Structure formats: structure tokens, C-alpha cells
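**Student:** Just the structure for this:
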Amino acid sequence: MGQCIVVVQFDLPKRTEEQAIRGGTGSAPIYRDLSTKGLIRKDYLNGETGTGGVYLWESRQAAEAWFTEARVAELTQRFGVRPRLTWYDTHVTVDNVRGETRVNGATLAQAAE
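**Tutor:** Numbers count the residues shown, from 1 in each chain. Next comes the predicted model:
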């Protein structure tokens, strides 16, 4: 079973770096507590076409359990605009920090070079 990436985008103006850092660090504890529910990583987005986040989940089932219609309604109320969610299954990851390639979350044996 593959992992799942959900890209959440809000049509909002780009924030200053200070605003983006304050917003991200302010809500980070919510997402740190989701590690037991299958969230591997969240990256905050801040760009010319909007703001949002990229979430990497252990499975689509874990992502769907978090991103319910009630959660989307909560986000809509908090940000004043409904987010767009784009769902991706991801089966292969290249991780240059760890120097490895993973398939469905499991590390491939690296060939000696």
C-alpha cells in the first residue's frame, strides 16, 4: 500500500516571511500530535498563488480520516475561504537527506557503486 500526499491550497494572498513563520509555528503542535494517526510530515506553503500545506501520510486511509468534510468546514471557517484538496498516491520516494529510495515507505537495498 502506498503513502498519500494531500496538497491543501487556499486562495489567499502571499504572506510575509514573518507571517508565514508565525502561522506555521503556531499551528505546528496540532500536526506534531498527528504522528500517531499516520501523518509523516507537513510542509507549509506560501506563494504567489496562495497558501496551504503539503501533507505526507502513511496511507490514504489515514489522510481520509483526518480530512473529513467537518475538517474542511473548520478550515473554511478559520481561513475564510474553502481549501482545495488534491490527493496523490505516492509509491516511490527519493530521500536525499537519508540517501535512500523508498517504495511504499520501505527502504530499497542500495546497490554498491
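**Student:** how about the biggest helix by length in the chain: buried residues?
**Tutor:** In the chain, with assignment by DSSP state H, the single longest helix is helix 17-32. Buried residues in helix 17-32, counting neighbours by 16 or more other C-beta atoms under 10 Å, are found at 20, 24, 31. C-beta: built from backbone N, CA, C; applies to glycine.
**Student:** which stretches of the protein aren't confidently modelled?
**Tutor:** Within the chain, the segments meeting pLDDT under 70 span 109-113.
**Student:** what ranges do the helices span in the protein?
**Tutor:** All helices of the chain, identified by DSSP H, fall at 17-32, 60-66, 69-79.
**Student:** Might one say that residue 46 is in contact with residue 14?
**Tutor:** Yes: using C-beta atoms under 8 Å, residue 46 is in contact with residue 14, at 6.0 Å.
**Student:** Between those two, which has more neighbouring residues?
**Tutor:** Counted by other C-beta atoms under 10 Å, residue 46 and residue 14 do not tie: residue 46 has more neighbours, with 19 against 14.
**Student:** distance of the residue lying closest to residue 49 once chain neighbours are set aside from residue 106?
**Tutor:** Nearest residue to residue 49 in three dimensions, chain neighbours excluded: residue 9, at 7.5 Å (C-beta to C-beta, 6 or more residues apart in numbering). Separation of residue 9 from residue 106 (C-beta to C-beta, to the nearest Å): 30 Å.
**Student:** which of those two has more neighbours?
**Tutor:** Under the criterion of other C-beta under 10 Å, the comparison of residue 9 against residue 106 puts residue 9 first, with 18 against 6.
**Student:** Thanks a lot, catch you later.
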